[in-house]
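Undergrad: Let's see this in three dimensions:
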Amino acid sequence: MPNKPARYGIKSWVACDARSSYAWKMQLYTGKKPTATAAASSAAGREEREEEEEKEEEKDEGRKKGKGRGGSEKNQGTRVVLDVTKGLTGRNITCDNFFTSYELAQRLLLERNNTLLGTIRKNKPELPDALLALRGRRVLSSKFAFTRDTALVSYLAKKNKNVLLLSTFHTRTADVVGRRQRADNKPAVILDYNSNKGGVDNLDKVVATYSCRRMTARWPLAVFHNILDVSSYNAFVIWRELNPDWLPGKRNKRRVFLEQLGKALVAPLIERRTRLPRAEAAAAVV
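TA: Alright, predicted model coming up:
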């Protein structure tokens with residue numbers, strides 16, 4: 001897995017709180033989502049299933065020979081964001097350029113009253129040519145484009161290398177530009193993105209600090225270990241919010257919480273095992 005600490009693993013899509021890294025919703029990546037046509041054909045009978053299997057085998061052979069990558073899911077980023085943010089309303093969603101698109105921003109805004117802030121790829125058709133042009137631009141300069149509910153920013157971080165962002169959270173010029181008192185002249189929209197983009201990466205970091213993972217060749221067990229790690233961290237975040245004065249001045253609060261949580265989970269089972277049997281026949285043997 002490129003650009004990740006682990007060399008391999010099971011991909012999961014996660015929606016996290018930007019401040020606490022609380023995991024709101026997780027979704028395991030299991031490949032391309034089946035379409036209605038594929039689902040109907042899979043239930044049509046053994047002959048049709050055999051035909052589908054033959055087609056899949058041909059696709060696999062084609063991939064091995066380098067003739068193609070197979071069918072990839074269309075608008076996967078949009079589908080993933082809509083899935084993992086289901087149930088949220090009145091929030092700002094921050095994501096990277098794999099997910100960001102004008103279509104997603106409008107759907108979040110109109111259907112769920114959520115705003116979107118994220119970097120966007122240069123090949124998106126909704127980007128005007130004026131934001132993509134780099135010739136004659138000064139380093140650390142910015143260009144802006146606005147609609148009624150959307151802002152686009154092109155920031156030239158280095159020579160011939162610009163960063164593009166889309167935001168429905170920043171809709172006024174003052175919100176996008178900011179005071180511009182920094183040496184790098186970054187607009188406020190980029191500063192807001194940088195301060196909110198690390199929720200998922202921080203979740204991976206804190207979960208790895210105290211983990212129940214063990215070496216295993218069974219992927220369901222690896223997923224189960226990750227569920228335990230994330231669930232225990234979520235429990236710690238909730239406990240800390242409900243009890244802000246718990247263990248004041250102590251730095252390893254999470255370790256203490258996990259120790260107490262583990263004892264609370266196993267104590268009833270330990271007490272049940274140590275309790276003497278009450279049946280007369282069993283008591284006579286003891």
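Undergrad: Pull the contacting residues for the closest residue to Val177 other than its chain neighbours.
TA: Nearest residue to Val177, sequence neighbours excluded (C-beta to C-beta, 6 or more residues apart in numbering): Pro187, at 5.2 Å. Every C-beta, even on glycine, is put in place using the N, C-alpha and C of the backbone. Contact partners of Pro187, counting by C-beta atoms under 8 Å, 6 or more residues apart in numbering, are 142, 144, 153, 155, 176-178, 180.
Undergrad: Tell me the confidence at the residue most central in space within the chain?
TA: The C-alpha lying nearest the average C-alpha coordinate of the chain belongs to Val14 (C-alpha atoms, centre = their mean; 2.9 Å). On pLDDT, Val14 comes in at 97.
Undergrad: hmm, back to that, take the contacts of Pro187 and lay them out in JSON lines including secondary structure, distance to Val163 and neighbour count.
TA: Output for the contacts of Pro187, formatted as JSON lines (DSSP: H, G, I helix; E, B strand; the rest coil; distance: C-beta to C-beta, whole Å; neighbours: other C-beta atoms under 10 Å):
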{"residue": "Ser142", "secondary structure": "strand", "distance to Val163": "9", "neighbour count": "21"}
{"residue": "Phe144", "secondary structure": "strand", "distance to Val163": "13", "neighbour count": "17"}
{"residue": "Val153", "secondary structure": "strand", "distance to Val163": "8", "neighbour count": "27"}
{"residue": "Tyr155", "secondary structure": "strand", "distance to Val163": "5", "neighbour count": "21"}
{"residue": "Val176", "secondary structure": "helix", "distance to Val163": "14", "neighbour count": "22"}
{"residue": "Val177", "secondary structure": "helix", "distance to Val163": "15", "neighbour count": "16"}
{"residue": "Gly178", "secondary structure": "coil", "distance to Val163": "16", "neighbour count": "17"}
{"residue": "Arg180", "secondary structure": "coil", "distance to Val163": "16", "neighbour count": "11"}
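Undergrad: Give me the neighbour count for Lys124.
TA: Other residues lying near Lys124 total 16 when counted by other C-beta atoms under 10 Å.
Undergrad: Could you measure from the residue lying closest to Asp175 once chain neighbours are set aside over to Thr100?
TA: Closest residue in space to Asp175, ignoring its immediate chain neighbours: Ala188 at 6.5 Å, by C-beta to C-beta, 6+ apart. Distance of Ala188 to Thr100, given as C-beta to C-beta, to the nearest Å: 18 Å.
Undergrad: the strands in this protein, which residues?
TA: For the chain, the strands defined by DSSP state E occupy 12-16, 23-28, 92-95, 115-119, 142-146, 151-158, 161-167.
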